[in-house]
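Enquirer: Output the structure for:
(chains A and B)
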Amino acid sequence: MVNQVTALPCKPATALVQVTEAGEPWLRGYRCGACAAVVAEPTLCCRACGSRAAPVDVRLSTHGKLFTWAVVHRSFPGVAVPFVSAIVDLDDGLTLKGTLRGAAPDTLHAGLLVEAVFDDAGGAIDSDGAAYVGFHFEPRAGEPA
Amino acid sequence: MSDVYVVGADLIKFGRYPDHTPAQLGAQAALLALDDAGLTVHDLDVVYASSTYNAASMIGQQVLKQIGQTGVPCVNVSNACASGATAFREALIGIKSGMYDVALALGVEKNPKGLLGPPPGTGPSPEGLFGSGTTPAMFAEAGMVHSAAYGTTIEQFAQVAVKNHHHATMNPKAMYQIETPLDVVLASEMIAWPLTKLMCSANVDGAAATILVSDRKAREMGLSRAVRVRGSALASDPYQPRNPALLDADSVTRLAVAKAYDMAGLGPDDLDLVELHDCFATAEILHYENLGLCGEGMAGALIDSGETALGGRIPVNVSGGLLSKGHPIGATGIANIVEVVMHLRGEAGARQVERARIGLAHVLGFSAIAGVCGVHILEKA
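Expert: Numbers count the residues shown, from 1 in each chain, chains lettered A, B, ... in the order given. Next up, the predicted model:
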């Protein structure tokens, strides 16, 4: 799967995902100009250093490394299990949680090279019939599946 | 400032109480603690009432409606799983300030049933699409960090559950009093690898209460069964780059326990028992190191050694812990203190830690976005 969505327009399934006018999805974070900390959500001041200059939005790398994970066998009713709940350190400093697909759970190890791949958020549609765009993680090419 | 003493401490049996309101459960615990202290509701100067899910409905005043509307101030506290420790600490501060002589610090909860997780937002449910927000998954992910760094095994995590379920067989107020050997723990339903169902805390209702008094009042009452509060700390999760994507049980606990040890002038080698927040088996392993009970990376070896079992060097969760005694969220932080008090008085029955003089109670609270830790150190007066 490539990082593009052809059916337009799409609504972000999470605030991390933004979609350009051309329909290209991207991951948005916020970087502090004073201490360079990167966070997922906008704040009034920097929550790392307290700088009064609010962190500004940045386009995040979709590449990262697996830090830790859980193989989830019991979830909320209606959620398909098992799945891998992965915590990934993106290359530019933000750590994200996402579902890791395309890798056998018993082959996972810290440091596995992964990328965020945009998807249709499980086929979810809103009450007006509009599609959503989300993301999941997959091992990067060359990593054993 | 003068010392503060615990002179009354008790809890109701943890379980499911479909026919009781939270206030009724809290009132039962309050009366038990008052009776334990030899006091009545008319002796109370103030009430600090903890309930994660019921604090907004004035749980303290509702309890007083059950046991006597004396008109004293009630402070209602909600602070996730650290709500009880927060209420206890506020009672301590109130007495230390000189404003009050006798305080009731109470915790009560009727837990929501099932798997706990974040509240619903807008858009499709994130569960399964963006990993898992369930609490077992969060503590599985944190446990796997320890596993990756130090080779900690699922058997070592499971041994925490074996130990705490064994301890609970000696606690008549525990939800479960059933020996649960390793093969049973490992064979129970897998919830989030490496956590099986018996490695997750028991979701129950409950209530616990303590009576705190000033130095003057304690001497008037007599110190024979009194327990002195030596250390108290509350910390909020400090900035960590991976938080909140990764639950960080470590930095907030280390921040709080360092302050508590400092206030007490004590360290981990001085402790005779610990009640720590074993909401999941992985958490107990992490907290062995966070509380300084062993060196970095040595927690797996510590559980293997048996030193944290009753009779060992530093017994941990002899009450049965959250895993087996149960985890009524807003009551847990008071119940942990009640357990330590029982041992320091030498009144813990079959599970008594011999010659216990100093004990530590720890709770850790988390939502999807924030964390809190409370630590108290108590000493036989």
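Enquirer: who's in contact with stretch B:82-89?
Expert: B:48-52, B:55, B:75, B:77, B:79, B:105-107, B:208, B:210, B:212, B:232, B:234, B:329-337, B:361, B:363-365, B:372-376 (C-beta atoms under 8 Å, 6 or more residues apart in numbering or on different chains). (Each C-beta comes from the backbone N, C-alpha and C, glycine too.)
Enquirer: Neighbouring strands - and their directions - for the lowest-mean-pLDDT helix or strand in chain A?
Expert: Lowest by mean pLDDT, DSSP states H and E among the helices and strands of chain A is strand A:10-12, with a mean of 88. The strands that strand A:10-12 pairs with in its sheet are strand A:131-139 (parallel) (by DSSP bridges).
Enquirer: The strand or helix carrying B:Val184: which residues count as buried?
Expert: Element membership for B:Val184, per DSSP states H and E: helix B:182-187. Residues B:184-186 are the ones in helix B:182-187 that count as buried (16 or more other C-beta atoms under 10 Å in any protein chain shown).
Enquirer: tell me the strands in chain A, going along the chain?
Expert: A:10-12, A:17-19, A:25-31, A:38-39, A:56-59, A:63-72, A:83-90, A:95-100, A:113-119, A:131-139 (DSSP state E).
Enquirer: show me where pLDDT drops low in the chain?
Expert: Went with chain A since none was named. Scanning chain A for pLDDT under 70 picks out A:1-9, A:144-145.
Enquirer: look at chain B instead
Expert: Ranges of chain B meeting pLDDT under 70: B:1, B:119-120.
Enquirer: what does it have sitting close to chain A?
Expert: Proximity of chain B to chain A, by C-beta under 8 Å from any C-beta of the partner chain, involves residues B:115, B:117, B:123-132, B:134, B:136-138, B:140-142, B:144-145, B:148, B:189-193, B:195, B:239, B:241-242, B:245-246.
Enquirer: Among the residues you listed, name the buried ones.
Expert: B:115, B:117, B:123-132, B:134, B:136-138, B:140-142, B:144-145, B:148, B:190-193, B:195, B:242, B:245-246.
Enquirer: distance of B:Leu286 from B:Val63?
Expert: Computed as C-beta to C-beta, to the nearest Å, the B:Leu286 to B:Val63 distance reads 34 Å.
Enquirer: and these two? which has more neighbours close in?
Expert: B:Val63 (30 against 24; other C-beta atoms under 10 Å in any protein chain shown).
Enquirer: contacting residues for the more buried one?
Expert: B:23, B:26-27, B:30, B:47, B:49, B:106, B:108.
Enquirer: Now flag whichever of the residues you listed is closest to B:Asp10.
Expert: B:Ala30 (9.2 Å; C-beta to C-beta).
Enquirer: quick one: the closest one and B:Thr210 touch, right?
Expert: No - B:Ala30 is not in contact with B:Thr210 according to C-beta atoms under 8 Å; the separation is 9.9 Å.
Enquirer: Which strand or helix spans the residue of the stretch 251-381 of chain B found nearest chain A?
Expert: For the stretch 251-381 of chain B and chain A, the shortest gap (C-beta to the nearest C-beta) falls at B:Ile369, measuring 8.7 Å. Element membership for B:Ile369, per DSSP H and E: none, as it lies in no helix or strand.
Enquirer: Could you find the closest non-adjacent residue to it?
Expert: Closest residue in space to B:Ile369, ignoring its immediate chain neighbours: B:Pro244 at 5.2 Å, by C-beta to C-beta, 6 or more residues apart in numbering or on different chains.
Enquirer: now do B:Gly359
Expert: B:Gly359's closest residue in space is B:Val340 (C-beta to C-beta, 6+ apart), at 3.7 Å.
Enquirer: could I have the helix or strand hosting that neighbour exported to PDB, CA atoms only?
Expert: For B:Val340, the host element (DSSP H and E) is helix B:329-345. What follows is helix B:329-345, C-alpha atoms only, in PDB (Å, rounded to 0.1, in the frame of the first residue of the first chain):
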ATOM      1  CA  ILE B 329     -10.500   2.400  42.400                       C
ATOM      2  CA  GLY B 330     -11.300   5.300  44.800                       C
ATOM      3  CA  ALA B 331     -11.000   3.100  47.900                       C
ATOM      4  CA  THR B 332      -7.700   1.500  47.000                       C
ATOM      5  CA  GLY B 333      -5.400   4.300  48.200                       C
ATOM      6  CA  ILE B 334      -7.000   4.100  51.700                       C
ATOM      7  CA  ALA B 335      -7.200   0.300  51.800                       C
ATOM      8  CA  ASN B 336      -3.400   0.100  51.200                       C
ATOM      9  CA  ILE B 337      -2.800   2.300  54.200                       C
ATOM     10  CA  VAL B 338      -5.300   0.300  56.300                       C
ATOM     11  CA  GLU B 339      -3.300  -2.900  55.500                       C
ATOM     12  CA  VAL B 340       0.000  -1.300  56.600                       C
ATOM     13  CA  VAL B 341      -1.600   0.000  59.800                       C
ATOM     14  CA  MET B 342      -2.900  -3.500  60.700                       C
ATOM     15  CA  HIS B 343       0.600  -4.900  60.400                       C
ATOM     16  CA  LEU B 344       2.300  -2.100  62.400                       C
ATOM     17  CA  ARG B 345      -0.200  -2.800  65.200                       C
END
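Enquirer: Thanks a lot, see you next time.
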